[in-house]
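Engineer: no FASTA, just this:
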């Protein structure tokens, strides 16, 4: 049973979440997707917005609730991905389709 299920739902509503009993404690399920979004946002600030490196890290800290050191560590494996975005010259319109929930103003 999920934590807080009885407290919040009092067993009134049936659970639509199926828990995989083999994967207990899988708290890092979305890290790769988050890191790809972080790399895309980094590309946006550096290449499309032409922001300075330190300003970009500051903005990413606020958006992803991570420190600058963690951001740099998480972006390091995605250097090739960022280079590919740059080589393909990805524009804001195509990024907006992938991540419509962020503000992509140029």
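Structural biologist: Nice, I can see it. Just so it is clear, the structure is predicted and the values come from calculations on it, not from any experiment.

Engineer: where does the chain dip in pLDDT?
Structural biologist: Filtered on pLDDT under 70, the chain yields the residue ranges 1-26, 106.

Engineer: isn't residue 63 right up against residue 41?
Structural biologist: Yes. The pair formed by residue 63 and residue 41 meets the contact definition of CB atoms under 8 Å, at 6.7 Å. The way it works is simple: take the backbone N, C-alpha and C, and place the C-beta from them, glycine included.

Engineer: contacts only, for residue 38.
Structural biologist: Contacts were defined as CB atoms under 8 Å, 6 or more residues apart in numbering; by that measure residue 38 touches 60, 64, 66, 71, 74, 75, 78.

Engineer: show the buried residues in those.
Structural biologist: In the contacts of residue 38, burial by neighbour count holds for 60, 64, 66, 71, 74, 75, 78, counting by 16 or more other CB atoms under 10 Å.

Engineer: okay if I get these as a markdown table plus distance to residue 91 and secondary structure?
Structural biologist: Formatted as a markdown table, the buried ones among the contacts of residue 38 follow (distance: CB to CB, whole Å; DSSP: H, G, I helix; E, B strand; the rest coil):
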| residue | distance to residue 91 | secondary structure |
| --- | --- | --- |
| 60 | 20 | helix |
| 64 | 22 | helix |
| 66 | 26 | coil |
| 71 | 23 | helix |
| 74 | 24 | helix |
| 75 | 21 | helix |
| 78 | 19 | helix |
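
Engineer: and the residue nearest in space to the middle of the chain, how far from residue 81?
Structural biologist: Most central in the chain under CA atoms, centre = their mean is residue 34, positioned 2.6 Å from the mean C-alpha point. The gap separating residue 34 from residue 81 is 13 Å, by CB to CB, to the nearest Å.

Engineer: next: residue 60.
Structural biologist: On the measure of CB to CB, residue 60 and residue 81 end up 15 Å apart.

Engineer: residue 57 too?
Structural biologist: In terms of CB to CB, residue 57 sits 18 Å off from residue 81.

Engineer: thank you, goodbye.
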